[in-house]
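A.B. asks: okay, here's the prediction I keep looking at, along with the sequence it came from:
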Amino acid sequence: MRILVTGAAGFLGSHLSRHLLQKGHSVVGLDNFITGSVDNIQDLFKNGKFEFINYDVTNYLHVPGKLDAVLHFASPASPIDYLKFPIPTLKVGALGTHKALGLAKNKNAIFMIASTSEVYGDPLINPQHEGYWGNVNPIGPRGVYDEAKRFAEALTMAYHRYHKMQVRIVRIFNTYGPNMRLEDGRAVPNFMVQALRNKPITVYGDGLQTRSLCYVSDLVDGIYRLLTSGMNEPVNIGNPRELTLIELAEMVKKAAGSRSKIIFRPLPEDDPKVRRPDITRASKELKWRPKVSLEDGLKKTVTYFRSRIR
């Protein structure tokens, strides 16, 4: 297949592009580098099946030649980023999704949207299954990301129902691994950088809020299985192992061999108290389950972060 990946220079987009190339597909990567980095895809330029376009997907989108799939992964994805870029976050979720859907329709291609567990907001059930509608504050600071993704899902399903397009909606839960930015702001990179520098590890709130962390290779495997399936409904992809942020901080500290102390800061507004995917649908329909343990994944990620810290 010849596949367009928007957000190809980002954390997930770069891993996904590399995986698609390893599977023998041709990849057209697109990114405007608002949060992505050319360092993440530098090695891909040596591959004759990789093309790159420096472009903002919220503008009119035209890609010459055939496309078999359009994978829309462009978006700021961490609270620091979407609070810094609230309007671009809304635009890439709304206008960017519209432009990417239009291109997929024109090319008679499969369309995939990278959605998120944030569509569930601060959930009132745990674990979260695909039939749960969520508990989202539409006007809170996180609403720019949550509602952009919820709108993107609604638009994707409208194209599926009205234009009979093949679509894929992947609801991505907390993911970590190499190619994350040091200043990303999410728990794993924050803890890693602080631990490796032997600085205090900052935990927000009481640290008893939970997260479920999936190593990036597992996530990309799930995404590829979904792409090549016939599933048009949303599918959770994530690791159901749930732990508190205090437990995560201690695990990162151990993996980094750090002397850091753990300190506490006030909890940001609308920060979810629990996050754990119900992966019954992915397990049944895609025959997918995560394979990389958190302990092994953190070791690999520490190695990457250690190489990046100056």
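C.D. replies: Looks like it came in fine.

A.B. asks: in what helix or strand does the closest residue to L61 other than its chain neighbours lie?
C.D. replies: Sequence neighbours aside, K99 is the residue nearest to L61 in space, at 4.3 Å (criterion: CB to CB, 6 or more residues apart in numbering). From N, CA and C alone the C-beta is placed, and that goes for glycine too. With secondary structure defined by DSSP states H and E, K99 is part of helix 86-107.

A.B. asks: so what touches that helix?
C.D. replies: Where contact means CB atoms under 8 Å, 6 or more residues apart in numbering, the residues beyond helix 86-107 that reach it are 4, 6, 34, 57-63, 66-70, 72, 74-76, 81-82, 109-111, 113, 141, 144-145, 147-149, 151-152, 155-156, 159, 163, 165.

A.B. asks: do a quick rundown of the helices in the stretch 151-300 of the chain.
C.D. replies: 187-196, 216-227, 245-256, 280-285, 294-308 (DSSP state H, counting those that start in this stretch).

A.B. asks: and the shortest one, which residues are buried?
C.D. replies: Okay, so that is helix 280-285. If you call a residue buried by 16 or more other CB atoms under 10 Å, then helix 280-285 has these buried ones: 281-282.

A.B. asks: quick one: mean pLDDT for that helix?
C.D. replies: Helix 280-285 comes out with an average pLDDT of 98.

A.B. asks: which secondary structure elements does it contact?
C.D. replies: Helices and strands in packing contact with helix 280-285 are listed as helix 216-227, strand 234-237; criterion 3 or more CB pairs under 8 Å, 6 or more residues apart in numbering; DSSP states H and E.

A.B. asks: what does the longest one give?
C.D. replies: With contacts defined as 3+ CB pairs under 8 Å, 6+ apart, helix 294-308 has these neighbours: strand 175-176, helix 187-196, strand 214-215, helix 245-256.

A.B. asks: quick check, A8 in a strand?
C.D. replies: No: secondary structure of A8, determined by DSSP: H, G, I helix; E, B strand; the rest coil: coil, with no strand assignment.

A.B. asks: and the gap between it and P240?
C.D. replies: Distance from A8 to P240, counting by CB to CB, to the nearest Å: 29 Å.

A.B. asks: so the two - more neighbours on which side?
C.D. replies: A8 (29 against 17; other CB atoms under 10 Å).

A.B. asks: which residue packs closest to that one, ignoring adjacent ones?
C.D. replies: The spatially closest residue to A8, leaving aside those adjacent along the chain, is G29, at 3.0 Å (CB to CB, 6+ apart).

A.B. asks: buried ones in stretch 237-255, by neighbour count?
C.D. replies: Going by 16+ other CB under 10 Å, stretch 237-255 has these buried residues: 237-240, 242, 244-246, 248-253, 255.

A.B. asks: mean confidence score for that stretch?
C.D. replies: Confidence over stretch 237-255, taken as the mean pLDDT, stands at 97.

A.B. asks: coming back round to it: which one of the helices and strands packed on helix 294-308 lies nearest to D206?
C.D. replies: Shortest distance between D206 and the helices and strands packed on helix 294-308, using CB to CB, is found for helix 245-256: 8.3 Å.

A.B. asks: specify the angle between that closest one and helix 187-196 in degrees.
C.D. replies: With axes from the mean of the first three to the mean of the last three CA atoms, to 10 degrees as the criterion, the two stretches helix 245-256 and helix 187-196 enclose an angle of 50 degrees.

A.B. asks: how about residues contacting helix 245-256?
C.D. replies: For helix 245-256, the external contacting residues (CB under 8 Å, 6+ apart) are 187-188, 191-192, 195-196, 201, 203-205, 207-211, 213, 243, 258, 260, 262, 294-295, 298-299, 301-302, 306.

A.B. asks: for ChimeraX, write a command that selects the buried ones of those.
C.D. replies: Once 16+ other CB under 10 Å is used to decide burial, the buried members of the contacts of helix 245-256 can be selected in ChimeraX as follows:
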select :187,188,191,192,195,196,201,203,207,209,210,211,213,258,260,262,294,298,301,302
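
A.B. asks: can you count the residues close to the closest residue to G96 other than its chain neighbours?
C.D. replies: Nearest non-adjacent residue to G96, counting by CB to CB, 6+ apart: V57, 4.2 Å away. V57 is flanked by 27 other residues according to other CB under 10 Å.

A.B. asks: nothing else from me, thank you.
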